[in-house]
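Chemist: sequence below, structure please.
(7 chains)
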Amino acid sequence: MFRNQYDTDVTTWSPAGRLFQVEYAMEAVKQGSAAIGLRSKTHAVLACVNKANSELSSHQRKIFKVDDHIGVAIAGLTADGRVLSRYMRSECINYGYTYEAPLPVGRLVVQLADKAQVCTQRSWKRPYGVGLLVAGLDESGAHLYYNCPSGNYFEYQAFAIGSRSQAAKTYLERKFESFPGSSRDDLIKDALFAIRETLQGEKLTSSVCTVAVVGVGEAFNILDQATVQALINEFEISGEEAPATASVAEEGAGDAAADQGGAAAEEEVAPMDI
Amino acid sequence: MFRNQYDTDVTTWSPAGRLFQVEYAMEAVKQGSAAIGLRSKTHAVLACVNKANSELSSHQRKIFKVDDHIGVAIAGLTADGRVLSRYMRSECINYGYTYEAPLPVGRLVVQLADKAQVCTQRSWKRPYGVGLLVAGLDESGAHLYYNCPSGNYFEYQAFAIGSRSQAAKTYLERKFESFPGSSRDDLIKDALFAIRETLQGEKLTSSVCTVAVVGVGEAFNILDQATVQALINEFEISGEEAPATASVAEEGAGDAAADQGGAAAEEEVAPMDI
Amino acid sequence: MFRNQYDTDVTTWSPAGRLFQVEYAMEAVKQGSAAIGLRSKTHAVLACVNKANSELSSHQRKIFKVDDHIGVAIAGLTADGRVLSRYMRSECINYGYTYEAPLPVGRLVVQLADKAQVCTQRSWKRPYGVGLLVAGLDESGAHLYYNCPSGNYFEYQAFAIGSRSQAAKTYLERKFESFPGSSRDDLIKDALFAIRETLQGEKLTSSVCTVAVVGVGEAFNILDQATVQALINEFEISGEEAPATASVAEEGAGDAAADQGGAAAEEEVAPMDI
Amino acid sequence: MFRNQYDTDVTTWSPAGRLFQVEYAMEAVKQGSAAIGLRSKTHAVLACVNKANSELSSHQRKIFKVDDHIGVAIAGLTADGRVLSRYMRSECINYGYTYEAPLPVGRLVVQLADKAQVCTQRSWKRPYGVGLLVAGLDESGAHLYYNCPSGNYFEYQAFAIGSRSQAAKTYLERKFESFPGSSRDDLIKDALFAIRETLQGEKLTSSVCTVAVVGVGEAFNILDQATVQALINEFEISGEEAPATASVAEEGAGDAAADQGGAAAEEEVAPMDI
Amino acid sequence: MFRNQYDTDVTTWSPAGRLFQVEYAMEAVKQGSAAIGLRSKTHAVLACVNKANSELSSHQRKIFKVDDHIGVAIAGLTADGRVLSRYMRSECINYGYTYEAPLPVGRLVVQLADKAQVCTQRSWKRPYGVGLLVAGLDESGAHLYYNCPSGNYFEYQAFAIGSRSQAAKTYLERKFESFPGSSRDDLIKDALFAIRETLQGEKLTSSVCTVAVVGVGEAFNILDQATVQALINEFEISGEEAPATASVAEEGAGDAAADQGGAAAEEEVAPMDI
Amino acid sequence: MFRNQYDTDVTTWSPAGRLFQVEYAMEAVKQGSAAIGLRSKTHAVLACVNKANSELSSHQRKIFKVDDHIGVAIAGLTADGRVLSRYMRSECINYGYTYEAPLPVGRLVVQLADKAQVCTQRSWKRPYGVGLLVAGLDESGAHLYYNCPSGNYFEYQAFAIGSRSQAAKTYLERKFESFPGSSRDDLIKDALFAIRETLQGEKLTSSVCTVAVVGVGEAFNILDQATVQALINEFEISGEEAPATASVAEEGAGDAAADQGGAAAEEEVAPMDI
Amino acid sequence: MFRNQYDTDVTTWSPAGRLFQVEYAMEAVKQGSAAIGLRSKTHAVLACVNKANSELSSHQRKIFKVDDHIGVAIAGLTADGRVLSRYMRSECINYGYTYEAPLPVGRLVVQLADKAQVCTQRSWKRPYGVGLLVAGLDESGAHLYYNCPSGNYFEYQAFAIGSRSQAAKTYLERKFESFPGSSRDDLIKDALFAIRETLQGEKLTSSVCTVAVVGVGEAFNILDQATVQALINEFEISGEEAPATASVAEEGAGDAAADQGGAAAEEEVAPMDI
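Modeler: Reported below is the predicted structural model:
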């Protein structure tokens, strides 16, 4: 109620050593529609929930191709995400011209993080309000990174961001140990199951989600809707895991308050590592 | 009442991860006079309500030609809209000089969105207070985009913005499935019916609306008033749909409060995708 | 009383999507002494009320020649108006040098409007506090525009701005339908009658008003005082319209409160089209 | 008492469309010691009241030569006045180099006004706090202008600014009709009488005033003290007008409150023409 | 509660001569996960606690290689730390190109400190929110520095920063006198014991910590996890010191309040030497 | 008590047309130790009271040589004074290089004043907090100017600034009429008597004051302490004027309150001529 | 309690003509650990109290070599002091390159002071928070200067700054008259006694202080710890002065409150000479 003095200016530290404006920008990520990513040794898959503004529009794009070997899924302020993915695209092109080789994923991610950091240290800017899951393939294999508004980034085996992403994270945590050895199609399947967890009772159809893949021998591409629907049909017919995940979902619902608290606790372990 | 601390500076995040100044700028769009757009595979039509400042003036232009293949209808701060449509015009000219080909519609729309995004991340600027419906034709067919003050854009089959646009949207949602196959004249007819929905009992005449078309074999052009009046006469004579839409309008009036709430709900699904 | 939070900075949107500083600047126009403009197909006439600061000074110039084919009448902050008319003058000269042709009136008006718009989107500037009636003649005939502090402009058949301009507008609205076909002298006569409406009982003499004309075969020129007085004498002798307008004026006075309200209502129809 | 919200920043409009900071700067002029100017067709005379900071100093210069044909008298912030008169001097020199002709007075006055206007539209500046009476002679005869902090200027037959200038204005208004035909010496005499009006009982001597003349065949020059004293002696001996002006002064004193009100009323007629 | 007036702007001194924003930034270091460093005459060791954001991610890197002879461990805002370690890297490269010799550690540390100082003296920046332990080897032997947000740096025999670093400091203070003569492996062993002190009951495994070494004949390298685990196993088997340190830990817990106070006291001896 | 709204920003006018920040800077001059200056037709003398910060330091220099023909004595913020005297020095050198002649005193004084004026019209600066007595000799004889923080300057026969300068001014006013014809030594003697007036009972010795002279045939030089002491001894022995001045001092003390008021009154005659 | 209005911005004058932010920065000097300096005709000695941040670190350097003939001791914000001593170093190098002679001490001190002054006149900077004792030898002998945050500097025979420096100043004031003729070793001895005065009961050992010397035939050098300890042992054995200084210290303690007041009084004699 009274912490107002330190939370309106991105260049103002609170007495406890926090940058509230950076933390608030991270809230923006939590309010975007969900996006998830996961990877094996050879492939990386991105998926997101489509939110159409109205019946009249196609859904808004949340997954962007950056280069043949890199793509990105965003949650939060779409305009910020688009500007950043454009930046990534031009960095890839420049690197390609200069070195005649694809820009390593990790290197791009660091440049992106530095661009975000600058916005947390100038009084006339604001932190970007978007989280980015960057999936890519380079000489060291498939990668998945999460870049957040603080200018920080993390490498993940699998991750979920955006609204109701906690349920997807729970699903991914149960399964991630098998991901490194997963086939391309298994990854897609797990991506779809994870997405389903974020839907809260809404039926999973190809129109409510987008799926993209990059992997050995396969340039980054967004799957067409028919392919996605076929996969959904195939997996739901088999019905495997569904009851279990449903019960998890129920638990999740029952534990909503606790989850909230848990999530908060988890996030507050080391707030300044943001 | 007390949320004042975070809503006066465009570079300040609220604790919930919102940019109030961006949201307020979007309110400006809702207060402009209505504009609608719709498209088939081969044609796109823009229409808007004319508001004359007084009997003494012609109405103010709200539809601008950008290039032979692109036009725009605006709602909100007219001066901002004019500056942006000028920007679009010069981008089209520059592209034409360089590539000797028309600038693809989607590409122009992204540049426009990026220009708007910058204004949401500098403390000494303000977000543009205008929404733009961009209609155009390129190699991939007819397009309709909505660019909003947040720096975001959406592709639509049909859309309406500005004051009392909800009634038009309701009309368009009932009919849009047939639009892809519509003829040029059917699109114009539906545009006129949609505009009529926003008039709240005012009689539709050629003086209260402007209509523009772009399509295969037809450069972007604003229809002259006589043509529009002829079309109004023709359609109203036939009287088709009128009773139904009237009743819809009545319902709409009856459901005003609910609509309000509904509109609000719809918009708040994922506030950070703005 | 409590709307202070959003109305001191030109780059701050109010929650309802308004820019109060722009609206306040438009108030400055209402407080300037009155200016009116009207046009036929071939001529345009500007007239304004002269306010001498004291007996010792000549009245302050409110009508400026921009070029042989364009002139301007201002209401509001005179210094701002002078700076803007200087800008217009140099644009005309530059255009003339480059194209060896007069700058089309509409084109100049748009440039002027863009210059004003910039001042509504930089935190370290302020909107201009002046309204400009631009009268000119080009290949498409005689024109009359009104440029306002918001960066917006309107084309008019006839218009009045400044203090007590409502009475003049009422006069012009009664008569404007005949203006397109009016002769040069009829336009001047109507201009003088309209000016008389704003004087509230003060006697109309050549010393309290300035009149300027531009038309086919006649470069923009300010009529000398003797000519104006001769015209006043001629028209008042005939006495035509005087009783009627007087009664209108009386009504106007009687309806002052209502007028106020009406004016307010009219202006608030679509506030963001400013 | 509560109008504080809009009056501390020069780029903030009040809800009534006023720029308080500009109006406050104009108060600074009223507090400077008095300066008066008057002109015939061939001559212009400036005079001001000398205020010595102490016995130990000569009085401060308030009248500056700008060029052979132009001079200026200031009231208000002396440092601002000096900077502006320096600007005028260099403009005259530059014009002379380029055109080998003296800079027309009116043209210089406009440049000066534009320089002042800029300071009313930048948040990091402040309006100049000085009023300038510019007297000059060019091909169109003798001129007298008043440039004020708002960036506005006025042409006068005669004028007075600064503290207690109202009494001088009253004197000038009674006499100004004869000024166009006055001889050089008559103008000086009237200047001295006008200055005497501002002294409130203090005796007029050559040490309390400065007088300067420019005219046909006479470059701008400040009269030496002996000459001024001789003129004072000559006129006071004749005693003409003294009783009358004294009684006027008495009336003036008696009507102080009313004058105040009157002055205020006069100035508030059209506040935005400042 | 009321010290707000001086603590929101990095360029504002408090009446007691303190820069609160700098002190608040130093709080950010205390909230990062712990990092420790220690050195002998020939070797320097860095170690830190790994905090994984979730099971799904590898832990975040807190130790960075700067050059073959220098590395850094950070606590606090990771993004700031990354940007600064990047800066250090490029300084080393530039020096190497110019002088064909490694950049002396102390010289790099001063450049880093100067970069931080600038951020404490510009109103539009903020102090970096990160502490850096810089370990390196040059001609003058092994070095360990601590660079803090104030732009200050200190040379240490051994040091610990970040959350719960007090217990590690207590351990290091008991043992540091023997460090100058320690072998490489003894240093690593002491680093692991010191890290264990910060874990509060959590079991020390190779997954919760990272260890890096630089020394004579050994370029800066981060030990692989297996090596670290082998060392942990070897030392824990021997069990030496463990009971003692445990009891120390208990005391530490019992003296929590006092420690707090002590820490505060220690830090407040000469606040402006920050 | 409540005038706070207009007195924290140098670019903000008060409603009464005052610039409080400029007036406050002038207070800084009153708080510096006293400085006095006086001149004959051929010589100018500066003197000031020495304030040693402690026994351990020599007193701080308050009189600076600018060039062979110009020197300056300051009161107020010493650092500001030093920076300004450095500026004066380099202006003299530059002028000398260009014209091979000494810079006229009055010309330097105007440049200095302009430099000060700029600081009163930029929001990110502050007025200089120092008053300067400039003494010099050029072709037009000896000069004494006072430059004050407002950007204004005055020419004086004799003047005193700084704390308790009122008593010195009273002394100088009694005597100044004889100064034009004074010999060099008489000027120094009067300077010493004036300085004694500011000491309030403290004994005048060569260690509490500094004296400097410039004149025909004598470059600006600061008298050495022995010379000053010899002069003090010589004059005090003669005892002339001492009783009188003492009684004046007593009166001065007795009239302290009145003097205060008087000083205030004197300064408020025409506040905007600052 | 209520003087907040004028003390948060370095460019804001208080009504009494003070710059509070500059005064607050001077408080920072008082909170640093003590530093003292003294000089004979041929030698200058600097000494300071060492404050180790912890047992684990060497103490922080407070005395820096600038050039062979100049060194500096600082109290206050160490980072600011380091940046300034670096500036001094590069000035010395540049001067040496250009003139092939050592930079005179006084000239360097003025440049340093000017650099500090700039920080007191820009709204986006802050005054440096450090005091510097500059000791050096040049053609005019040994010098000791004190540069303070206000941009001012003073030449001293001996001086002490930082926490508890009052006791050292008392010691130096008792002895300074003999310093000009002191031998190098006598100066060091007095420096050590003065340092002891600031320790408040703590025992003087070579580890709690640093001593540096510059003199004829001896480049600026920091004495090694063994040499310092040997000197301490030698002097303490002799015991001379110790009882006396102890009693002085006791008095000092007894007069703490008075001293405070005295210090305040001393400093407030002429506040604007800061």
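Chemist: which residues of the stretch 101-250 of chain A lie near chain B?
Modeler: By C-beta under 8 Å from any C-beta of the partner chain, the part of the stretch 101-250 of chain A that sits against chain B consists of A:119, A:123-127, A:129, A:163. From N, CA and C alone the C-beta is placed, and that goes for glycine too.
Chemist: swap in 10 Å and give it another go.
Modeler: Counting by C-beta under 10 Å from any C-beta of the partner chain, the stretch 101-250 of chain A comes close to chain B at A:119, A:122-130, A:149, A:162-163.
Chemist: measure A:Ser14 to chain D for me?
Modeler: 29 Å (C-beta to the nearest C-beta, to the nearest Å).
Chemist: helix/strand/coil for that residue?
Modeler: Three-state call for A:Ser14 (DSSP: H, G, I helix; E, B strand; the rest coil): coil.
Chemist: now do the same contact list for it.
Modeler: A:3, A:5-7, A:20, A:23, E:7-8, E:21, E:24, E:27-28 (C-beta atoms under 10 Å, 6 or more residues apart in numbering or on different chains).
Chemist: in those residues, find the pair that's most separated.
Modeler: A:Glu23 and E:Asp7 (18.5 Å; C-beta to C-beta).
Chemist: all strands for the stretch 101-250 of chain A, in order.
Modeler: Here the stretch 101-250 of chain A has its strands, by DSSP state E, counting those that start in this stretch, at A:130-138, A:141-147, A:153-155, A:158-161, A:209-215, A:218-222.
Chemist: can you say which of these is packed in most?
Modeler: With neighbours taken as mean count of other C-beta atoms under 10 Å in any protein chain shown, those reach their highest mean count in strand A:158-161, at a mean of 28.
Chemist: residue of the stretch 101-250 of chain A closest to chain B, please.
Modeler: A:Arg126 (3.8 Å; C-beta to the nearest C-beta).
Chemist: give me every residue that touches the nearest residue to that residue once chain neighbours are set aside.
Modeler: Leaving out its chain neighbours, the residue that sits closest to A:Arg126 by C-beta to C-beta, 6 or more residues apart in numbering or on different chains is B:Thr11, at 3.8 Å. Listed by C-beta under 10 Å, 6+ apart, the contact set of B:Thr11 reads A:8-10, A:21, A:119, A:122-127, B:19, B:21, B:120-125.
Chemist: which SS class is B:Thr11?
Modeler: coil.
Chemist: what about it, distance to A:Tyr128?
Modeler: Distance, B:Thr11 to A:Tyr128, using C-beta to C-beta, to the nearest Å: 11 Å.
Chemist: how many residues are close by the residue of chain A found nearest chain C?
Modeler: At 9.8 Å from chain C, A:Trp124 is the closest residue in chain A, using C-beta to the nearest C-beta. The number of residues packed around A:Trp124, counting by other C-beta atoms under 10 Å in any protein chain shown, is 14.
Chemist: residues touching the closest residue to it other than its chain neighbours, list them.
Modeler: Spatially, and ignoring its direct neighbours in sequence, A:Trp124 is nearest to B:Ser123 (4.3 Å; C-beta to C-beta, 6+ apart). Neighbouring residues of B:Ser123 by C-beta under 10 Å, 6+ apart: A:9-10, A:122-126, B:9-12, C:11, C:123, E:124.
Chemist: quick check: phi and psi at whatever residue of the stretch 151-274 of chain A ends up closest to chain F.
Modeler: Ranked by C-beta to the nearest C-beta, the top residue of the stretch 151-274 of chain A for proximity to chain F is A:Gly151, at 29.0 Å. Main-chain torsions, A:Gly151, degrees, to the nearest 10: phi 90, psi 10.
Chemist: okay, the closest residue to A:Leu132 other than its chain neighbours: pLDDT?
Modeler: Closest residue to A:Leu132 apart from its sequence neighbours, by C-beta to C-beta, 6+ apart: A:Asn147 at 4.5 Å. Predicted confidence (pLDDT) for A:Asn147: 97.
Chemist: please tell me how far A:Asn147 sits from chain E.
Modeler: Taken as C-beta to the nearest C-beta, the span from A:Asn147 to chain E is 10 Å.
Chemist: all helices for the stretch 151-274 of chain A, in order.
Modeler: A:165-175, A:184-197, A:225-238, A:242-254, A:256-268 (DSSP state H, counting those that start in this stretch).
Chemist: out of those helices, which gets the lowest mean score?
Modeler: Minimum mean pLDDT among these: helix A:256-268, a mean of 37.
Chemist: is it true that A:Val45 touches A:Val213?
Modeler: Yes - with contact defined as C-beta atoms under 10 Å, A:Val45 reaches A:Val213; the gap is 5.3 Å.
Chemist: quick check: neighbours shared by these two?
Modeler: Common contact partners of A:Val45 and A:Val213 (C-beta under 10 Å, 6+ apart): A:71, A:135, A:184-185, A:187-188, A:191, A:223.
Chemist: nearest to G:Ser40 among those residues?
Modeler: A:Ala135 (73.8 Å).
Chemist: beta-bridge partners for the closest one, please?
Modeler: Note on A:Ala135: beta-bridge partners A:Gly71, A:Leu144, judged by DSSP bridges.
Chemist: in terms of pLDDT, where does it sit?
Modeler: Looking at A:Ala135, the pLDDT reads 98.
Chemist: what does the stretch 51-200 of chain A put close to chain C?
Modeler: So far as C-beta under 10 Å from any C-beta goes, the stretch 51-200 of chain A lies against chain C at A:Trp124.
Chemist: residue in the stretch 51-200 of chain A with the shortest distance to chain E?
Modeler: Counting by C-beta to the nearest C-beta, the stretch 51-200 of chain A gets nearest chain E through A:Gly151, at 3.2 Å.
Chemist: residues in contact with that residue?
Modeler: Contacts of A:Gly151 by C-beta under 10 Å, 6+ apart are A:22, A:112-121, A:127-128, A:274, E:77-80, E:82-83.
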